[in-house]
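In: Here is a sequence with its predicted model. Questions after.
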Amino acid sequence: MPSTDSATLEQRARSPFSKGGRGTLIAWGFIVPALVFYTTFVLVPIGMSVYYSLLRWDGIGKAQFYGLSNYLTVLSESDFLQILGNAFQLVAYFTILPVAIGLGVASAIRNHLGGRFGATARTILFIPQVIPLVAAGIAWSWMLASNGVVNQALQLIGLGGITRGWLGDFDFALPAVGIIGAWVLLGLCTMLLVTGIARIDPSLYEAAKIDGASSWDEFRWITLPGLRQEIGVCVTVTVIAALASFDIVYIATGGGPGIQTTVPGLEIYRLAFAHRQVGLASALAVVLMLLVIVCVLPIQWLTRQPK
């Protein structure tokens, strides 16, 4: 009898109608729709892009198998290499500036700008994040024009000799786009870092002050390690935004002058819809996806929370 009872209990435990079985069914009820959605809208488009990248196709007529020729074109022609290089140059502006300034602002708010003033500062800094990128691109295009606000301000302080049409200058167009992107992403980075610094144990700072630590020592040994994960999120988001940028560049410069500000996202759009080179556009898209993965994975590994 005991063996029979134990067998019955095991069968009930394995039954989908038992308490544990119901939990498993509920879990799969959430997982399966997510897997279907992810497969349909992520994996399938990626697979189609890889397939198209092996073809020579104008999007309408008959496609011809082209092998890896599209990839060789992307990785060998100087224009494509410059376009990929432009994206990596934007990483310096989209990532370094917002994260560095955000760290400074977060530390200042914690140390000196608490209360109502700190809340106001956070709100003002977050405004660029909620402004549509198209609107931000148009506004900055006006401000950086030859007769825009930036040049007028430079003339007022006696620096009229360096004024120019910043977005139309071969040397300064890409840095100008980078500054626009940094301005847009600054609010997000600041909010993430301010939220992260608020959860650091205040007793750590009090102990550091008792030991005679300077503000720099507190920042170096307490704030930075405590914000490891938040910095990782900021860097990941901004690197992806730089490599996959499109809106700001399209509105502000259209990729010009020449291809000085052309980025992969804009070139993919042009190749696919203007030049009808779907295979080449797909190859560039696949290369861009791989570059994003190669850049993001080390960031995630370096900024993971130590166990």
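Out: Received, thanks. All figures in this text were calculated on a predicted structure; none of them were measured in a lab.
In: From here on, just use CA atoms for contacts and neighbour counts.
Out: OK.
In: For the protein, give me the ranges with low pLDDT.
Out: Low-confidence regions of the chain, defined by pLDDT under 70, span residues 1-21, 112-118, 305-307.
In: can you list the domains in it?
Out: 2-52, 70-302 (automatic domain parsing).
In: which of the residues in stretch 33-41 are buried?
Out: Within stretch 33-41, no residue is scored as buried using 16 or more other C-alpha atoms under 10 Å.
In: Can you check which of the domains of the chain gets nearest to G61?
Out: domain 70-302 (10.5 Å; C-alpha to C-alpha).
In: so how far is the closest one from its chain's centroid?
Out: 8 Å (C-alpha atoms, centre = their mean, to the nearest Å).
In: What is the burial count for the closest residue to F94 other than its chain neighbours?
Out: Nearest non-adjacent residue to F94, counting by C-alpha to C-alpha, 6 or more residues apart in numbering: A182, 4.6 Å away. The local packing of A182 (other C-alpha atoms under 10 Å) involves 26 other residues.
In: Number the residues from 31 up from this point.
Out: Right, with 31 as the first residue, what we last looked at is A212.
In: Need the three-state assignment for A212.
Out: Going by DSSP: H, G, I helix; E, B strand; the rest coil, the secondary structure assigned to A212 is helix.
In: Enumerate every residue touching F200.
Out: P287, Q290 (C-alpha atoms under 8 Å, 6 or more residues apart in numbering).
In: That one should be in a helix, yeah?
Out: No - the assignment for F200, made by three-state DSSP, is coil rather than a helix.
In: so what's the backbone phi/psi at it?
Out: phi -60, psi -30 (degrees, to the nearest 10).
In: before we move on, back to that, the residue nearest to F124 against T125, yeah?
Out: Yes - counting by C-alpha atoms under 8 Å, A212 touches T125, with 7.2 Å between them.
In: what's the burial count for G97?
Out: 13.
In: how close does it sit to A311?
Out: 14 Å (C-alpha to C-alpha, to the nearest Å).
In: what does Q185 give?
Out: 44 Å.
In: the more surrounded of those two?
Out: A311 (27 against 14).
In: which residue sits closest to that one, ignoring its sequence neighbours?
Out: I298 is the one closest to A311 (C-alpha to C-alpha, 6+ apart), at 4.8 Å.
In: show me the contacts for the one you found.
Out: A311, S312, L314, A315 are the contacts of I298 under C-alpha under 8 Å, 6+ apart.
In: Mind doing that once more with 7 Å?
Out: Residues in contact with I298 (C-alpha atoms under 7 Å, 6 or more residues apart in numbering) are A311, L314, A315.
In: Can you show me the helices along the stretch 231-337 of the chain?
Out: 232-240, 245-248, 254-256, 258-273, 277-282, 294-299, 308-332 (DSSP state H, counting those that start in this stretch).
In: And those helices: which comes nearest W172?
Out: Nearest of the helices of the stretch 231-337 of the chain (C-alpha to C-alpha): helix 277-282, 9.1 Å.
In: before we move on, back to that, roughly how far does the residue nearest to F124 sit from V269?
Out: 11 Å.
In: and for these two, which residues touch both?
Out: F124.
In: rewinding a little: might you report the residue contacts of the residue nearest to F124?
Out: Per C-alpha under 7 Å, 6+ apart, neighbours of A212: Y123, F124, L127, P128.
In: Just among the residues you listed, which is most surrounded?
Out: Neighbour counts for the contacts of A212, by other C-alpha under 10 Å, peak at F124, which reaches 30 neighbours.
In: That residue touches I210, doesn't it?
Out: No - under the criterion of C-alpha atoms under 7 Å, F124 makes no contact with I210, lying 8.5 Å away.
In: Can you tell me the closest non-neighbouring residue to A117?
Out: L273 (5.1 Å).
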